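Asks: Got a predicted structure plus its sequence, pasted below:
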Amino acid sequence: MKLDTYCPYPFMHAAQSSQESFQPCCIFDSKGVKTKYSSIKDYWNSDFLLSVRKNMLIGEQVAGCHKCYSEEKHTNESLRTHTMKHYGFQKNLKIKSLEVLLSNKCNLKCRMCSSDRSSKWINDEKLFSPNKKSTVYETSLDTYFPNDFDLSNIEHINILGGEPFLSRELNNFLLKFENKKNIKLVISTNGTFFPKKDFFEIIKDYKHIKIALSFDSPGKLGEYIRSGLNWEKFEDITQKWINIASSMKNLSIHSHCTLSAYNTHAILDVIQWAAKHNLTSLTFAKVYWPTELQPEALPANVKKKIYNYYFNKNNEEFLFDKIVNELNVTRFTHISFIRSMLIKILSDHTQQEASEVKFYEYTNKLDKIRGESFYEISPYIDKPRNSISNL
Ligand code: SF4
């Protein structure tokens, strides 16, 4: 069997990507593929998934997995390689891992999100992408996770959103699993809610619960990217999670940052903040969509400035390495991944004007709708240069 196309996910995992959609993992590119299924059972037995598995077993590349293949070319690492290390080859076809959304209800409207994942985006989208029709949804547990679908081998559940603590089905979903003592749970939250007592009563029976606090930068920049966020409140709630984790052996508090064109210059602030709060881990993921906000879309001169800030060759030690070494955060295992990612993105100065224009277009249009201004917040990005200043 060829090792460079096989991925354990299609054999043991299902990721819900919107109300009725499932796919092999969260970054799988489903363009041109049917993803709507009436339940997880239909998805698991679908012709589509059968052909993905078959291709992987005969060493063929799967079109929807191109993001992994591309990252491996540049960094030797990808979600596929991480998953291989963690799960290895799957001998049995049993679902062991689940990623669910439950609802798109959210109180924030992060710039790299959309109404598929945030109900707060619905109004902005009427002006931003008028052709898109969206509603607030809540996954029906009985329909999408029917009782005759075997969930008894589940070992890992990742709950995303919307904001999970706004879903009225969260506790019901957690109560659904009989083998709680075998399950590691990850709940990604935007850090603006602290749940009531009944939630803690339910999770005490789980093997482990990881709360992943999503943030993209401390302070004003974080508030700009995650519109609706109050940074002071986020810090208060982080402290509440840290306090309760000190009295629950099966609970740990982590952090997660999405690398986009908006915070490419602020990654050291992110690392310093997570280190200061002694969080158990800090993970990173790069924005793939909207393509306009990928860090690659930054203007070439901006990338140069940020590259010099992190990796200025005139210093004895790069600032990036100096700060990371001083913080002694070896537990943040994604640091080498984000370091390689930054070097790769920022040292590529062959930026096409077309993607620079799209970045400015996207930013200016959303700034106008929201009455915000990126140029007042970022020290690195000037207003668009003359040729594109009228966007
Ligand atoms: S190879 Fe990558 S994109 Fe494909 S299923 Fe695995 S993790 Fe997902």
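Replies: Structure's in. What do you need? Numbering: from 1, shown residues only.
Asks: C-alpha only now, for contacts and for neighbours.
Replies: Will do.
Asks: after the lengthiest helix in the chain comes which helix or strand?
Replies: Counting by DSSP state H, the longest helix found in the chain is helix 353-370. Once the chain leaves helix 353-370, the next helix or strand it forms, by DSSP states H and E, is helix 374-377.
Asks: List the buried residues in that following helix.
Replies: residue 374 (16 or more other C-alpha atoms under 10 Å).
Asks: So which other helices or strands are in contact with that helix?
Replies: helix 219-225 (3 or more C-alpha pairs under 8 Å, 6 or more residues apart in numbering; DSSP states H and E).
Asks: can you give me the mean pLDDT across the helix it packs on?
Replies: Helix 219-225 carries an average pLDDT of 97.
Asks: Stretch 57-74 now?
Replies: 92.
Asks: what bridges to residue 253?
Replies: In this structure, residue 253 bridges to residue 211 when assessed by DSSP bridges.
Asks: give the contact list for it.
Replies: For residue 253, the contacting residues are 210-213, 241-242, 245, 279-281, by C-alpha atoms under 8 Å, 6 or more residues apart in numbering.
Asks: try residue 48
Replies: Taking C-alpha under 8 Å, 6+ apart, we find residue 48 in contact with 33-34.
Asks: ok, which of the contacts of residue 253 also contact the ligand?
Replies: Filtering the contacts of residue 253 for proximity to the ligand by C-alpha under 6 Å from any ligand atom leaves nothing.
Asks: Point out the least confident member of the residues you listed, please.
Replies: Ranked by pLDDT, these bottom out at residue 280 (92).
Asks: Quick check: it touching residue 252?
Replies: Yes: when contacts are counted by C-alpha atoms under 8 Å, residue 280 is listed as touching residue 252 (6.8 Å).
Asks: Looking at those two, which one has more neighbours?
Replies: residue 252 (20 against 16; other C-alpha atoms under 10 Å).
Asks: ok, that one to the ligand distance?
Replies: As judged by C-alpha to the nearest ligand atom, to the nearest Å, residue 252 and the ligand stand 25 Å apart.
Asks: Could you pull up the contacting residues of the closest residue to that residue other than its chain neighbours?
Replies: Closest residue in space to residue 252, ignoring its immediate chain neighbours: residue 210 at 5.1 Å, by C-alpha to C-alpha, 6 or more residues apart in numbering. Taking C-alpha under 8 Å, 6+ apart, we find residue 210 in contact with 184-187, 251-254.
Asks: Now the residue of the stretch 51-200 of the chain found nearest the ligand: phi and psi?
Replies: At 3.7 Å from the ligand, residue 65 is the closest residue in the stretch 51-200 of the chain, using C-alpha to the nearest ligand atom. Dihedral pair for residue 65: phi -100, psi 20, per degrees, to the nearest 10.
Asks: what's it in contact with, if anything?
Replies: 27-29.
Asks: change it to 10 Å
Replies: Applying C-alpha atoms under 10 Å, 6 or more residues apart in numbering, one finds that residue 65 lies in contact with 5, 7, 24-25, 27-30, 52, 79-80.
Asks: Kindly confirm my reading that residue 186 forms part of a helix.
Replies: No: counting by DSSP: H, G, I helix; E, B strand; the rest coil, residue 186 falls outside a helix, being strand.
Asks: got the residue ranges for the strands in the stretch 251-391 of the chain?
Replies: Along the stretch 251-391 of the chain, the stretches classed as strands by DSSP state E, counting those that start in this stretch are 251-259, 282-286.
Asks: Throw these into JSON lines and include distance to residue 369, thanks.
Replies: Below are the strands of the stretch 251-391 of the chain laid out as JSON lines (distance: least, C-alpha to C-alpha, whole Å):
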{"stretch": "strand 251-259", "distance to residue 369": "23"}
{"stretch": "strand 282-286", "distance to residue 369": "25"}
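Asks: Thanks again, I'm all set now.
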